[in-house]
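1. kindly return the folded structure for what I paste below:
(2 chains)
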Amino acid sequence: EAQVTQNPRYLITVTGKKLTVTCSQNMNHEYMSWYRQDPGLGLRQIYYSMNVEVTDKGDVPEGYKVSRKEKRNFPLILESPSPNQTSLYFCASSRRERHNEQFFGPGTRLTVL
Amino acid sequence: ILNVEQSPQSLHVQEGDSTNFTCSFPSSNFYALHWYRWETAKSPEALFVMTLNGDEKKKGRISATLNTKEGYSYLYIKGSQPEDSATYLCAFYNQGGKLIFGQGTELSVKP
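-> Below you'll find the predicted structure:
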């Protein structure tokens, strides 16, 4: 089954404790992206990657890191999480051509205390 | 940050009503306009991707139009059903590779 998976789905952590949210897709997509969703603010792009070893900042990259060492994986790293990073996070992938739809993962609900 | 505006923010209609929402986006550096449907507790799913001025797309009772010169797209739902209740998101793809989402229109259809 073609899908985007994220782990964990739910996470409660404390300020300053490094964490990684994994994202993996099995559709051989070149483009992958991370978004956060906050009430009243819609989906905001954190980072995106057009292909392996190529990453670019979205609109809200501060406090996040990503890497794209393999085509299928695009982990999101929070080196020192803070409470303002409490949010719902979505990973998505698509074929590189920008007229192709994004396929979204199931979301990760993160709470930073 | 480029602004993508959607209106209205929310809409409450009766079953059988037809409805439409608007997505406004920058008319410069346009590459594509996406529409997604997002049900509560699920992930957004693509409805349409449009790239050409004057594009019209249709999927069942849902259709969309695109005007890239003036920077807007309309989404229409004919004969709304309760299962159409969801948040409808539009997203603007510029030529740099960023995908900018609007805040969405939350549709509630009452039986």
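2. I figured A:Cys22 hits A:Arg72, correct?
-> For residue A:22 the amino acid is Thr, not Cys. No - applying C-beta atoms under 8 Å, one finds A:Thr22 not in contact with A:Arg72, separated by 10.7 Å. Backbone N, C-alpha and C define where each C-beta goes, glycine included.
3. mutual contacts of those two, please.
-> When C-beta atoms under 8 Å, 6 or more residues apart in numbering or on different chains defines a contact, no residue borders A:Thr22 and A:Arg72 alike.
4. need the residues of chain B near chain A, please.
-> Near chain A, the residues belonging to chain B are B:1, B:31-32, B:34, B:36, B:43-46, B:49, B:51, B:89, B:91, B:93, B:97-104 when assessed by C-beta under 8 Å from any C-beta of the partner chain.
5. now those: which count as buried?
-> Neighbour-count burial (16 or more other C-beta atoms under 10 Å in any protein chain shown) applied to the residues of chain B next to chain A gives B:31-32, B:34, B:36, B:43-44, B:46, B:49, B:51, B:89, B:91, B:93, B:97-104.
6. is the helix or strand that contains A:Tyr35 positioned near chain B?
-> If you go by DSSP states H and E, A:Tyr35 is part of strand A:31-38. Yes - using C-beta under 8 Å from any C-beta, strand A:31-38 reaches chain B at A:Tyr31, A:Ser33, A:Tyr35.
7. ok, now which ones touch the first one?
-> Contacts were defined as C-beta under 8 Å, 6+ apart; by that measure A:Tyr31 touches A:Tyr48, A:Ser49, A:Met50, A:Asn51, A:Ser93, A:Ser94, A:Arg95, A:Arg96, A:Arg98, A:Asn100, B:Gly97.
8. over to the second one?
-> Remark: with contacts taken as C-beta under 8 Å, 6+ apart, A:Ser33 is in contact with A:Gln45, A:Ile46, A:Tyr47, A:Tyr48, A:Ser49, A:Gly58, A:Phe74, A:Cys91, A:Ala92, A:Ser93, A:Gln102, B:Leu99.
9. for beta bridges, what are the partners of it?
-> A:Tyr48, A:Ala92 (DSSP bridges).
10. and residue 54, how many neighbours?
-> Reading this off chain A. A:Val54 has 12 neighbours, counted by other C-beta atoms under 10 Å in any protein chain shown.
11. wait, chain B
-> 10.
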